[in-house]
Each structure stands twice: as structure tokens, then as C-alpha cells.
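Participant: everything below, folded, please.
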Amino acid sequence: MSRVTATHPACIALGANIGEPLRQIEAGFSALAALPRTRLLARSSLYRSAPVGYADQPDFINAVAMIETALDPHALLAALLAIERAQGRVRDFPNAPRTLDLDIVLYGDLVLHEPGLTIPHARMLERAFVMVPLAEIAPDARVPGQGRVSELAARLDAGGVAQLRRMPA
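Facilitator: This is a model prediction of the structure:
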């Protein structure tokens, strides 16, 4: 008898601003698609945004991926951290430049607050560079306790977020 493993939709924010950011975001999408028991469902266009927090660094390239995964949130986080390390990510200080940043922004309707893992992502609702690409691929998704992604994204000032490359439908 085969065992059925439940899958969950999850949304992952991708960002990069040093090295070859465009290539690194593409490599991030490929690495997400290659995760075990995971399927890449959608990928947003690529966007350019100014850095947040530590401003003395290059602009970021950002995107969001929607996946379906049988990995639990902790296993997914461990996999994302491994992808970052493989892409040369070094965590020098908060908001430092990075070769690749991968964040779980949504994991189904899960709400989780633990050291090292908060779902939905703690600052996603403040960040147009996350919400704009998320609204592109999952406008009807809901942020638990907050509302529909498209409505939440529309409330943000997205003036500093510029679409670079539209993904084909």
C-alpha cells in the first residue's frame, strides 16, 4: 500500500544584488524546481528595487516563486538555506548585500512564530518588492489574518519597484 503525502502551496521570495543577480535568481528558480517532493507552479517576472535597511549597496533583483511541496516548513527552510549557501550567500550583517536570498513568505494558511522561522514572513506586508511579484502570480492568495494578496499589494507604494522582465504566460 502506498502512503499519500500531503502537499502544501508555498510562496518563496527571491532576491540578489551582488555577483550576477539575474543569473542567480534564475539559478534560484531552477534549484526550487529541483527540490525533492516539490514542484514549481509559477514564477513571477523579475523586478528591480532599491535596498532596504542598509542603503549603501547595489539595487536588488527580486522575484517570487509559487511551489507545491511535501516538505514541512522546517525542512523547506533548511533546503532554502542550503541553496543560498550553494550560491555563495554569506551573512555578514543584517540587510547586507547578498548573492541569493530565499524567504518563505507563505506556506498555505499556516501561521508560525518560532525562533528563526516566521510564516507569513514578518515584513512581507511592508515590502513592495515582495508583494508586487506575489500579486502577479497569486493575486487571490490570502495572507492569514490580513486579506487577499492583490488588495494588500495595492496599498503599498510600489514606486521603487520596476518590472524588468515579464514571464511568459
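Participant: and whichever helix or strand residue 77 is part of, what does it pack onto?
Facilitator: According to DSSP states H and E, residue 77 maps onto helix 73-86. With contacts taken as 3 or more CB pairs under 8 Å, 6 or more residues apart in numbering; DSSP states H and E, helix 73-86 sits against helix 21-33, strand 101-107, strand 117-119. Every C-beta, even on glycine, is put in place using the N, C-alpha and C of the backbone.
Participant: reformat those as TSV; add distance to residue 125 and mean pLDDT.
Facilitator: Putting the helices and strands packed on helix 73-86 into TSV (distance: least, CB to CB, whole Å; pLDDT from 0 to 100) gives the following:
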stretch	distance to residue 125	mean pLDDT
helix 21-33	22	95
strand 101-107	10	96
strand 117-119	12	96
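Participant: so which of those gets nearest residue 129?
Facilitator: Residue 129 lies closest to strand 101-107 among these, at 10.9 Å (CB to CB).
Participant: the strands in the protein, which residues?
Facilitator: 8-16, 38-43, 46-49, 60-69, 101-107, 112-114, 117-119, 142-143, 147-148, 161-165 (DSSP state E).
Participant: nearest to residue 155, of those strands?
Facilitator: When these are compared (using CB to CB), the closest one is strand 147-148, at 9.4 Å.
Participant: what's the angle between the helix holding residue 77 and helix 21-33?
Facilitator: Interaxial angle, helix 73-86 versus helix 21-33 (axes from the mean of the first three to the mean of the last three CA atoms, to 10 degrees): 140 degrees.
Participant: gap between helix 73-86 and the chain center?
Facilitator: Chain-centre distance of helix 73-86: 12 Å, with CA atoms, centre = their mean, to the nearest Å.
Participant: what angle do that helix and strand 60-69 make?
Facilitator: 140 degrees.
Participant: what are the buried residues along helix 73-86?
Facilitator: Residues of helix 73-86 classed as buried under the neighbour-count rule (16 or more other CB atoms under 10 Å) are 73, 76, 77, 79, 80, 83, 84.
Participant: hang on, the earlier thing: right, so of the strands of the chain, which gets closest to residue 27?
Facilitator: Residue 27 sits nearest to strand 8-16 of all the strands of the chain, at 9.2 Å, using CB to CB.
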